[in-house]
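>>> Following is a predicted model, sequence given first.
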Amino acid sequence: MQASVPDAETARWDDVEAVRRDPDPVRQAARATELINECGRRVTELAALRRAAIERAHHDHGLTYADVADSLGITRGRITQIRNGRTDT
């Protein structure tokens, strides 16, 4: 399987290192903010994808939420949190 090549908008660890090396503190802070915002958008998108996948596993594949939790290596309580949109932990 071939990995996709990230585009110019993609926040990567190389970007973090570039920010770390930037000698201009204002530019450094601005770029750090951009990367933080990009990461936040990705977290939101991934949380929605995970929530939908859990629901598909339950509804389309007949797994119980306990089965899903066990398969993911997380607690049943965490599955409930994810299903209810609480993804901060």
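Okay, I see it.

>>> The residue most central in space within the chain: which element?
Nearest residue to the geometric centre of the chain (C-alpha atoms, centre = their mean): Val43, 3.3 Å. Per DSSP states H and E, Val43 falls inside helix 25-59.

>>> Which elements pack onto that helix?
On a contact count with 3 or more C-beta pairs under 8 Å, 6 or more residues apart in numbering; DSSP states H and E, helix 25-59 meets helix 13-21, helix 65-72, helix 76-83. Backbone N, C-alpha and C define where each C-beta goes, glycine included.

>>> and the longest one, which residues are buried?
Applying a neighbour-count criterion of 16 or more other C-beta atoms under 10 Å, one finds Asp15, Val19 buried in helix 13-21.

>>> can you check stretch 76-89 too?
Quick answer for stretch 76-89 (16+ other C-beta under 10 Å): Ile79, Ile82.

>>> cool, stretch 48-63 as well?
Buried, per 16+ other C-beta under 10 Å, within stretch 48-63: Arg51, Ile54, Ala57, His58, Leu63.

>>> okay, these in a markdown table with pLDDT next?
As requested, the buried residues of stretch 48-63 are exported to a markdown table (pLDDT from 0 to 100):
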| residue | pLDDT |
| --- | --- |
| Arg51 | 96 |
| Ile54 | 97 |
| Ala57 | 98 |
| His58 | 97 |
| Leu63 | 97 |
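
>>> okay, stretch 54-74 in CSV with CA atoms only?
What follows is stretch 54-74, C-alpha atoms only, in CSV (Å, rounded to 0.1, in the frame of the first residue of the first chain):
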residue,chain,number,x,y,z
ILE,A,54,-18.2,2.7,15.6
GLU,A,55,-21.8,3.2,14.6
ARG,A,56,-21.3,1.3,11.3
ALA,A,57,-19.6,-1.5,13.2
HIS,A,58,-22.6,-1.7,15.5
HIS,A,59,-25.5,-1.2,13.0
ASP,A,60,-24.1,-2.6,9.7
HIS,A,61,-21.8,-5.4,11.1
GLY,A,62,-23.9,-6.4,14.1
LEU,A,63,-21.2,-5.9,16.7
THR,A,64,-22.2,-4.9,20.2
TYR,A,65,-20.6,-1.7,21.6
ALA,A,66,-18.8,-3.9,24.0
ASP,A,67,-17.4,-5.9,21.1
VAL,A,68,-16.3,-2.7,19.5
ALA,A,69,-14.7,-1.5,22.7
ASP,A,70,-12.8,-4.8,23.1
SER,A,71,-11.6,-4.7,19.5
LEU,A,72,-10.3,-1.1,20.0
GLY,A,73,-8.8,-1.8,23.3
ILE,A,74,-10.8,0.8,25.1
